[in-house]
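Engineer: the sequence isn't on hand, but the structure is:
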């Protein structure tokens, strides 16, 4: 399905046929994720795929099956959710962005395996924080928790400043930089997002994962903070140099912090439009699917969180 949004941009060049994939489950959280995904797809000129999976309960006992009418109603509910999501995507892009190519998919069964399979050919997977029927006190729902560590593509988890709030619509892109290979991929994604959004980028480099005062058995005053900060500022500048040449239109703010990556990233993300991190940083071992920093931010980020893994895209 295609619809015009009322404004064409000759400078918009599609970056490939890989779609942005958004999970649909009928919840308000998922609808906000669909709206975010629709704007992201339209900005890139790429397709958007809306996918709903309707879980089928197991039989209650041997020889006890569900009537066909149950499956008919389940399928009808799935189509209703997809239609609602299409309308949300249309509203999100109406009158502002190029026409959007949207496909819908309805699957009968668990959402996790089908989203993982479809994410293998997606540019990005976009999810809400909590699904329909899950406890309102939970920060992140079970489906999102299952998908984020295993998805083969970048995953955007859409959230607002407070639980239940819509995501922010303005602010800089904040990215965590720690020198790891995955951090380099996060930088690539963050610069692309900032350029597409025509906003600034805040690169936050935290040069220790520990609480430094006392970490080496020394008082804080005995550590050569000025020398350490100067050397780490040079490290950050080196990490950013190539990306700033590639994206000269992006205004970059460099931030060097001493310790506690989660605390510092949360502080800088408080007024951000998007927070970008790698799936695991310099302290994560090679088999780790999700590092401690990205896992903590998944539950506490005050804005949409993009967790990046895999190869950098040219």
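Structural biologist: Received, thanks. Just so it is clear, the structure is predicted and the values come from calculations on it, not from any experiment.

Engineer: so which elements touch the longest strand seen in the chain?
Structural biologist: Identified as the longest strand of the chain according to DSSP state E is strand 100-108. With contacts defined as 3 or more CB pairs under 8 Å, 6 or more residues apart in numbering; DSSP states H and E, the packing partners of strand 100-108 are strand 2-3, helix 28-44, strand 48-54, helix 68-93. The way it works is simple: take the backbone N, C-alpha and C, and place the C-beta from them, glycine included.

Engineer: 10 Å instead?
Structural biologist: Packing contacts for strand 100-108, counted by 3 or more CB pairs under 10 Å, 6 or more residues apart in numbering; DSSP states H and E, involve strand 2-3, strand 20-24, helix 28-44, strand 48-54, helix 68-93, helix 111-119.

Engineer: point out the most buried one among these.
Structural biologist: With neighbours taken as mean count of other CB atoms under 10 Å, the helices and strands packed on strand 100-108 reach their highest mean count in strand 20-24, at a mean of 29.

Engineer: mind listing what it pairs with, with the direction of each?
Structural biologist: Strand 20-24 pairs in its sheet with strand 48-54 (parallel), strand 124-128 (parallel), by DSSP bridges.

Engineer: strands along the protein, start to end?
Structural biologist: So, for the chain - with DSSP E - the strands run 2-3, 20-24, 48-54, 100-108, 124-128, 155-158, 173-177, 201-206, 252-257, 274-278, 305-308.

Engineer: report the rounded mean pLDDT for the last one.
Structural biologist: It refers to strand 305-308. In this model, strand 305-308 has a mean pLDDT of 96.

Engineer: helices or strands up against it?
Structural biologist: Judged by 3+ CB pairs under 10 Å, 6+ apart, the packing partners of strand 305-308 are strand 124-128, strand 155-158, strand 173-177, helix 181-197, strand 274-278, helix 292-300.

Engineer: turn those into JSON lines, including mean pLDDT and distance to residue 18.
Structural biologist: Converted to JSON lines, the helices and strands packed on strand 305-308 look like this (pLDDT from 0 to 100; distance: least, CB to CB, whole Å):
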{"stretch": "strand 124-128", "mean pLDDT": "96", "distance to residue 18": "9"}
{"stretch": "strand 155-158", "mean pLDDT": "96", "distance to residue 18": "15"}
{"stretch": "strand 173-177", "mean pLDDT": "95", "distance to residue 18": "21"}
{"stretch": "helix 181-197", "mean pLDDT": "93", "distance to residue 18": "14"}
{"stretch": "strand 274-278", "mean pLDDT": "96", "distance to residue 18": "19"}
{"stretch": "helix 292-300", "mean pLDDT": "90", "distance to residue 18": "23"}
